[in-house]
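J.: Provided below for reference: sequence and predicted model.
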Amino acid sequence: MEVLEKISRILSRAFMGLAGVFLVAMILITCANIFSRLVWVPIKGTFELMGFFGAVTTAFALGYTQLDKAHISVDILVNRFPPKIRMALNGINSFICMIFFSLAGYQITRWATTIRETGEVTETLRVIYYPFTYAVALGCFLLALVLLVQFLKLFFSAPGDR
């Protein structure tokens, strides 16, 4: 259990670092595009790159955000329940979300494989984009791993460690 938790934490931090790199790249591309428009020569493919980098940034940040419990949640009603019921609901939520993001990652992987096999490229830059699609699937699988660890932690750890 501790090994799985450590692995998910290390991977989440690494992916968050990569998400930061993609975010900085997005900022630099945007600034360069703004300045290049001053001389009426916008950077071609900015829209494509922003879309791909934004998708990867978001996907890679999912696991770390879940670890920090920073996702939006509306728990006005749940906070009024007794602790055991809250724990059960958190477990059910983690399990359902883990299944959902596992399936999402699987379907995105299938789609990326189709894109790779057909040789699709972007319209403006003619860049292969299946690596970005695989990256989004990887972010979904990482979130599923974090949710699995949280689910297992609810049932197999001491009450103070939850």
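T.: Alright, I've got the coordinates.
J.: other residues contacting stretch 146-162?
T.: 1, 4-5, 8, 12, 63, 66-67, 87, 90-91, 94-95, 97-98, 101 (Cβ atoms under 8 Å, 6 or more residues apart in numbering). Yep, even glycine has a C-beta here, placed from its N, CA and C like the rest.
J.: using ChimeraX, define a selection of the buried residues within those.
T.: Buried subset of these, written as a ChimeraX selection, criterion 16 or more other Cβ atoms under 10 Å:
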select :5,8,12,63,66,67,90,91,94,95,97,98,101
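J.: poorly predicted segments of this protein, please.
T.: For the chain, residues meeting the criterion pLDDT under 70 lie at 158-162.
J.: can you tell me which of the contacts of stretch 146-162 is nearest Ala137?
T.: Phe101 (10.0 Å; Cβ to Cβ).
J.: would you enumerate the residues in contact with that closest one?
T.: So Phe101 contacts 62, 140-141, 143-144, 147 (Cβ under 8 Å, 6+ apart).
J.: closest one of those residues to Thr124?
T.: Closest to Thr124 out of the contacts of Phe101 is Cys140 (26.9 Å), distances taken as Cβ to Cβ.
J.: ok, the closest one - contacts?
T.: 59, 62, 101-102, 104-105, 108.
J.: roughly how far apart are it and Ala61?
T.: Separation of Cys140 from Ala61 (Cβ to Cβ, to the nearest Å): 12 Å.
J.: mind listing the helices in the protein by residue range?
T.: Here the chain has its helices, by DSSP state H, at 2-37, 46-67, 83-118, 130-156.
J.: JSON lines for those, including distance to Val74?
T.: Shown next, in JSON lines, are the helices of the chain (distance: least, Cβ to Cβ, whole Å):
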{"stretch": "helix 2-37", "distance to Val74": "24"}
{"stretch": "helix 46-67", "distance to Val74": "16"}
{"stretch": "helix 83-118", "distance to Val74": "12"}
{"stretch": "helix 130-156", "distance to Val74": "18"}
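J.: show me the contacts for the residue nearest the centre of the chain.
T.: Nearest to the mean C-alpha position of the chain, by Cα atoms, centre = their mean, lies Ala59 at 2.4 Å. Residues near Ala59 by Cβ under 8 Å, 6+ apart: 135-140.
J.: who wins for neighbours among these?
T.: Gly139 (26 neighbours; other Cβ atoms under 10 Å).
J.: for the nearest residue to Phe132 once chain neighbours are set aside, the count of nearby residues, please.
T.: The shortest distance from Phe132 to any non-neighbouring residue, by Cβ to Cβ, 6 or more residues apart in numbering, is to Phe52 (4.3 Å). By other Cβ under 10 Å, 22 other residues sit near Phe52.
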